[in-house]
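Q: One predicted model, sequence on top.
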Amino acid sequence: MYSHTWKDGKDIALPAGKVVCIGRNYVEHAQELNNPIPDEPVLFIKPSTALVGSSSSLVLKETLSPIHYEAELSVLIGQPLTHATEAEVREAIVGLGVALDLTRREAQSALKEKGLPWELAKAFDGSCVQSPFVANEKLDLASIKYGLDINGEARQRGDTQLMITPVIALICHLTQYFTLLPGDIVLTGTPKGVGQLHAGDELVLSLSGDILANFCCVAAP
């Protein structure tokens with residue numbers, strides 16, 4: 001069962017809540033999937049059952065394959081937020097980490113063509129792999145770099161300076177529609193470089209040069 005943890009392994013005394021996700025928050029990622037640049041943030045939600053930790057192998061179920069990775073800066077919320085101001089958002093951010101928004105890309109494309117919701121492609125069990133968190137006060141939200149390496153090769157490199165909508169403004173926007181509760185997570189969008197995962201892949205998630213998670217992919221029926 002997933003629970004929030006700090007980088008040093010200590011538990012965070014917050015429940016595992018919903019995951020509010022942002023699509024197309026980097027220009028080059030939207031372009032690599034031939035998607036238009038949005039006029040405002042694209043929002044969708046993963047349930048708490050989507051969350052899995054990064055301390056053990058990532059199971060790729062054959063029935064859900066192919067599964068693609070999208071590395072994102074994740075923000076852990078510690079106070080209720082609704083119609084929040086920037087000051088309230090800053091006060092409510094407890095920790096920062098890196099998550100994988102796992103996506104059934106073929107299923108997503110088929111759903112989009114039919115004008116249907118994305119849940120079957122985005123919100124399935126285990127579709128959000130979350131690293132341990134680091135305390136928010138240690139990092140400058142306006143200038144955070146993070147990354148995903150696979151089999152020793154850099155696959156994605158994110159920089160908050162390149163976001164279409166910055167982190168604080170992004171969370172302010174989504175709280176106009178969704179109340180955030182303590183233990184909720186916000187995924188802030190993925191940079192270019194998304195792709196398919198395979199059994200045997202070794203993944204490393206890093207934040208500001210520090211490794212937060214190191215794990216591998218395994219296949220399952």
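A: Happy to help now that I have it.
Q: any weak-confidence spans in this protein?
A: Low-confidence segments of the chain (pLDDT under 70): 29-30, 33-34.
Q: Do you have the helices of this structure handy? List them.
A: Along the chain, counting by DSSP state H, helices occupy 27-32, 86-92, 105-113, 119-122, 167-174.
Q: Rebuild these as a markdown table, extending it with distance to G195.
A: From N, CA and C alone the C-beta is placed, and that goes for glycine too. Formatted as a markdown table, the helices of the chain follow (distance: least, C-beta to C-beta, whole Å):
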| stretch | distance to G195 |
| --- | --- |
| helix 27-32 | 10 |
| helix 86-92 | 32 |
| helix 105-113 | 9 |
| helix 119-122 | 16 |
| helix 167-174 | 24 |
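Q: Give me the helices and strands touching the longest strand seen in the chain, please.
A: The strand spanning the most residues in the chain, taking DSSP state E as the definition, is strand 210-220. Contacts defined by 3 or more C-beta pairs under 8 Å, 6 or more residues apart in numbering; DSSP states H and E place strand 210-220 against strand 58-61, strand 93-101, strand 202-207.
Q: swap the cut-off to 10 Å and go again
A: Where contact means 3 or more C-beta pairs under 10 Å, 6 or more residues apart in numbering; DSSP states H and E, strand 210-220 is packed against strand 58-61, strand 93-101, strand 128-130, strand 145-150, strand 202-207.
Q: Which parts of that strand count as buried, going by neighbours?
A: 212-213, 215, 217 (16 or more other C-beta atoms under 10 Å).
Q: Strand partners (parallel or antiparallel) of that strand?
A: Using DSSP bridges, strand 210-220 pairs in its sheet with strand 58-61 (parallel), strand 202-207 (antiparallel).
Q: what's the most buried one of these?
A: The highest mean neighbour count among these, using mean count of other C-beta atoms under 10 Å, belongs to strand 202-207: a mean of 21.
Q: Let's see that one as CSV, backbone CA atoms only.
A: Coordinates of each C-alpha in strand 202-207 appear next as CSV, following Å, rounded to 0.1, in the frame of the first residue of the first chain:
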residue,chain,number,x,y,z
GLU,A,202,16.3,0.5,-15.1
LEU,A,203,14.9,3.9,-14.2
VAL,A,204,16.4,6.7,-12.2
LEU,A,205,14.4,9.8,-11.0
SER,A,206,16.4,12.9,-10.0
LEU,A,207,15.6,16.3,-8.6
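Q: report the angle between the axes of that strand and strand 145-150?
A: Calculated by axes from the mean of the first three to the mean of the last three C-alpha atoms, to 10 degrees, strand 202-207 forms an angle of 180 degrees with strand 145-150.
Q: How far off centre is strand 202-207?
A: Chain-centre distance of strand 202-207: 13 Å, with C-alpha atoms, centre = their mean, to the nearest Å.
Q: Spit out the contact partners of N136.
A: 75-76, 78, 90-96 (C-beta atoms under 10 Å, 6 or more residues apart in numbering).
Q: Kindly report the same for D11.
A: 3-5.
Q: What of I22?
A: 38, 41-44, 72-73, 101, 163-165, 167, 170-171, 173-174, 186-190.
Q: Tell me the buried residues within the residues you listed.
A: Looks like these have 41, 44, 72-73, 101, 163-165, 167, 170-171, 174, 186-190 buried, using 16+ other C-beta under 10 Å.
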